[in-house]
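>>> structure for this input, please:
(chains A and B)
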Amino acid sequence: MIHVEHLTKRFGAFTALDDVSLAVPDGRLVALLGPSGSGKTTLLRILAGLDHPDAGSVHLDGLDATAVKTRDRRVGFVFQHYALFRHMSVAENVAFGLNVRKGPGKPAKAEIARRVGTLLDLVQLGGLAGRYPSQLSGGQRQRVALARALAVEPRLLLLDEPFGALDAQVRKDLRRWLRQLHDEMGLTSVFVTHDQEEALELADEVVVMSKGRIEQIGSPAEIYDNPATPFVFQFLGNANRLEASIAGGVARVGHWRVAAPGIPDGPGVAFIRPHEIDVDLADPVAAIRHQVVLGPVVRLDLALADGTAVEAAIDRETHARLALRPGQPVGLTARRIRIFAENEV
Amino acid sequence: MAKGIARRIIPGFAPTLGLTLAYLSLVVLIPLAALVLKAAGMGAAQWLDTLTDARVLAAFKLSFGGALAAALVNGLFGLLIAWVLVRYSFPGRKLVDALIDLPFALPTAVAGIALTALYAPAGWIGRFLPVQVAFTPLGVVVAMIFIGVPFVVRTVEPVLQDVDAELEEAAASLGASRPQTFRLVVLPAVGPALLTGISLSFARAVGEYGSIIFIAGNLPGVSEIVPLLIVTKLEQYDYVGATAIAALMLLVSFAMLLAVNLLQKWNRQRMGAAS
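Purely as a prediction, here's the structure:
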């Protein structure tokens, strides 16, 4: 169990973390998701003890670890660019954390060799123990880094953009494999990513961060279906952003009327996901400006009567049935519209 | 190059190599060859006679032993200086950084006279030292240290800059202490550069003449270096003896530098191709 309370960290005039509190229960795989500069990596580094907060505390398993040095935290850290020791073989890299132990905690040579062998089998690098990092591919290096971090049996595994430097296919495979490894070993893990797809696919719980603050914490389905703030809505996948005006709990967005309970009268902002817009040929309100086929869906760039650009994504069959072509006027139905007051934006 | 006429991507191989060889020949190879040729002109007995002279042997011992000692001292303190210059920022860091190169630029005679004045028994530093430095073999080593230190600092500095802070952080997260991190992670990373710096410093010290002859005192058999011995022989019109000594010096220096290079190559191959 990790408890982080009221963490604040400044670098000069830049506030990297602004009063951040977070709890990570044992066994969870948590994603810190946000754009660059959102403070997610700073938070991860503070968890590892590689940075020190200006204010606030870090508790690991109920004990205050704020002042505990990195090397005494038993926290595994996997760096974005792996940070493998180039002059050591794969096996020596993995054994490093065990070899530097002193006194009775240090396993015997044979035991170290056995554990290194087990770990390398686990990360599917059994045959490459004698290789050097420069002789490995990116995905292999990443797995060596992971095995090295796991060798010290960390109570917490931290990963900084673990798949950032890999190409798309390797990234997908490694993601699935990491999820499996996490579950099999009963790890508690926190990883940083700016890729919303990665966060939603891999994590039990996603922490969305922006400008040093936590915007929302929730399961992938929760944060995707019920974004708490306009930032989260826009950051998680595509969204149309339209102006709205709210009066008496009802918002007017273009030609739509939407219930907006609890939102004060005045200007507001509406978000609609492209795939939550239906297109028909009755009551035209927009014109197709451009259309692109993207695998199973067709993306339509539309212009409302007042010129506002709206994006819709419909499936190929509907598109073919309606025989849509550029310039054609179409009717739009939004299945779901989220309204936020202007001052929330 | 499996085939001699393979097409090359980078043009201009023939003219650039030709120019390089011609230049190297004029400046380096022909003078060295002339030296070897001249030395080869004398008989084996004469060779043996010259080189087994007690005075010559003592000079060789001092030149190479002193250079080795100076290079090792420079290795240690040069690494320290490079570390301080790279890892910390403090007022005057740029100034210190610039000072490192002074031994390169200072006329060696000036350095020699300054060192002698300082380390002489009545000098500013010499008077506080329990042992005499100037006019002894120790003085020779001091001068060799002075002229060799920039080589280590300048070769280690850029490599140390490249050693990612992440590597040290990774070591710390795996439970390594600071000394362990330095010994197991930082030192091996800068090791090849450090070795290069030490061997450059060594080579420079072996060939150094100007600064040493002032502080050495030049007692035959005690504080006389090989280059000075060669000059002495030349002044006595003993050209053959001088070239014999020079040729041997060349041979030993070449062998040692070659050994260091082979060591580096072996080390690189062990780690595979550079990433």
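
>>> and the helices in the chain?
By default, I'm working from chain A. With DSSP state H as the criterion, chain A has helices at A:40-48, A:90-99, A:109-122, A:138-151, A:168-185, A:196-202, A:220-225, A:230-235, A:316-322.

>>> wait, chain B was what I had in mind.
Going by DSSP H, chain B shows helices at B:13-24, B:30-40, B:44-51, B:54-87, B:93-99, B:102-105, B:108-119, B:137-162, B:165-173, B:178-181, B:187-207, B:210-216, B:226-235, B:239-270.

>>> right, and these - which one's nearest A:Phe14?
For these, proximity to A:Phe14 was assessed by C-beta to C-beta; helix B:165-173 is nearest, at 19.1 Å. All C-beta atoms are positioned from the backbone trio N, CA, C, and that covers glycine.

>>> the closest one vs helix A:138-151, what angle?
30 degrees (axes from the mean of the first three to the mean of the last three C-alpha atoms, to 10 degrees).

>>> show me what helix B:165-173 is packed up against.
strand A:75-78, helix B:178-181 (3 or more C-beta pairs under 8 Å, 6 or more residues apart in numbering or on different chains; DSSP states H and E).

>>> out of these, nearest to A:Gly12?
Per C-beta to C-beta, nearest to A:Gly12 of the helices and strands packed on helix B:165-173: strand A:75-78, 24.7 Å.

>>> residues of the stretch 151-300 of chain A that sit close to chain B?
A:Ala151, A:Val152 (C-beta under 8 Å from any C-beta of the partner chain).

>>> now A:Ala282. Nearest residue, chain neighbours left out?
Spatially, and ignoring its direct neighbours in sequence, A:Ala282 is nearest to A:Gly331 (5.0 Å; C-beta to C-beta, 6 or more residues apart in numbering or on different chains).

>>> bridging residues for the one you found?
Counting by DSSP bridges, A:Gly331 is bridged to A:Asp280.

>>> residue contacts, it?
By C-beta atoms under 8 Å, 6 or more residues apart in numbering or on different chains, the contact set of A:Gly331 is A:Val279, A:Asp280, A:Leu281, A:Ala282, A:Asp283, A:Pro284, A:Val285, A:Ala286.

>>> same list (those residues) but as TSV, adding neighbour count and pLDDT.
Formatted as TSV, the contacts of A:Gly331 follow (neighbours: other C-beta atoms under 10 Å in any protein chain shown; pLDDT from 0 to 100):
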residue	neighbour count	pLDDT
A:Val279	21	90
A:Asp280	12	89
A:Leu281	12	88
A:Ala282	7	84
A:Asp283	11	84
A:Pro284	13	87
A:Val285	16	88
A:Ala286	23	90
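
>>> identify each buried residue in the least confident helix or strand in chain B by mean pLDDT, please.
The least trusted helix or strand in chain B, going by mean pLDDT, DSSP states H and E, turns out to be helix B:44-51, with a mean of 82. Buried residues in helix B:44-51, defined by neighbour count with 16 or more other C-beta atoms under 10 Å in any protein chain shown: B:Trp47, B:Thr50.

>>> do the same with stretch B:139-155
B:139-155.

>>> average pLDDT across stretch B:104-112?
Mean pLDDT, stretch B:104-112: 89.

>>> burial check on B:Leu95, number of neighbours?
By the criterion of other C-beta atoms under 10 Å in any protein chain shown, B:Leu95 has 8 neighbours.

>>> please apply the same query to A:Asn238.
Neighbours of A:Asn238 (other C-beta under 10 Å): 12.

>>> grab the nearest non-local neighbour of it.
In space, and not counting its chain neighbours, A:Asn238 is closest to A:Pro274: 5.2 Å by C-beta to C-beta, 6+ apart.

>>> just checking, the one you found touches A:Asp301?
No: with contacts counted by C-beta atoms under 8 Å, A:Pro274 stays clear of A:Asp301, the gap being 10.0 Å.

>>> those two: who's more crowded?
A:Pro274 (18 against 15).

>>> low-confidence regions, chain B specifically.
B:1-7, B:271-275 (pLDDT under 70).

>>> equivalent analysis for chain A, please.
Using pLDDT under 70, the flagged stretches of chain A are A:344-345.

>>> quick check: domain ranges of it?
A:2-234, A:238-344 (automatic domain parsing).

>>> return the most buried member of the ones you listed.
domain A:2-234 (a mean of 18; mean count of other C-beta atoms under 10 Å in any protein chain shown).

>>> redo the helices and strands packed on helix B:165-173 as JSON lines? Include distance to A:Val297.
Output for those, formatted as JSON lines (distance: least, C-beta to C-beta, whole Å):
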{"stretch": "strand A:75-78", "distance to A:Val297": "35"}
{"stretch": "helix B:178-181", "distance to A:Val297": "52"}
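
>>> residue contacts, the closest residue in space to A:Leu60 that isn't next to it in sequence?
Among residues not flanking A:Leu60 along the chain, A:Ile2 sits closest, at 5.9 Å (C-beta to C-beta, 6+ apart). Residues in contact with A:Ile2, defined by C-beta under 8 Å, 6+ apart, are A:Leu22, A:Ala23, A:Val24, A:Leu47, A:Val58, A:His59, A:Leu60, A:Leu156, A:Thr188, A:Val190.

>>> how many neighbouring residues does the spatially closest residue to B:Ala120 that is not a sequence neighbour have?
In space, B:Ala120 comes closest to B:Ala134 once its chain neighbours are excluded; the distance is 4.6 Å by C-beta to C-beta, 6+ apart. For B:Ala134, the tally of surrounding residues (other C-beta under 10 Å) stands at 26.

>>> okay, B:Ala134 and B:Tyr209: tell me how far apart.
B:Ala134 sits 17 Å away from B:Tyr209, going by C-beta to C-beta, to the nearest Å.

>>> please apply the same query to A:Asp72.
55 Å.

>>> just B:Asn218 next, same as before
11 Å.

>>> what of A:Thr333?
93 Å.

>>> ok, A:Ala55 next?
63 Å.

>>> rewinding a little: dump the residue contacts of the residue nearest to A:Asn238.
A:Asn238, A:Ala239, A:Asn240, A:Arg299, A:Glu311, A:Ala312, A:Ala313.

>>> go again using 10 Å as the cut-off
A:237-240, A:297, A:299-300, A:302, A:310-314 (C-beta atoms under 10 Å, 6 or more residues apart in numbering or on different chains).

>>> go on, A:Ala282?
Here A:Ala282 is in contact with A:Val330, A:Gly331, A:Thr333 (criterion: C-beta under 10 Å, 6+ apart).

>>> having no further points to raise, I will conclude here.
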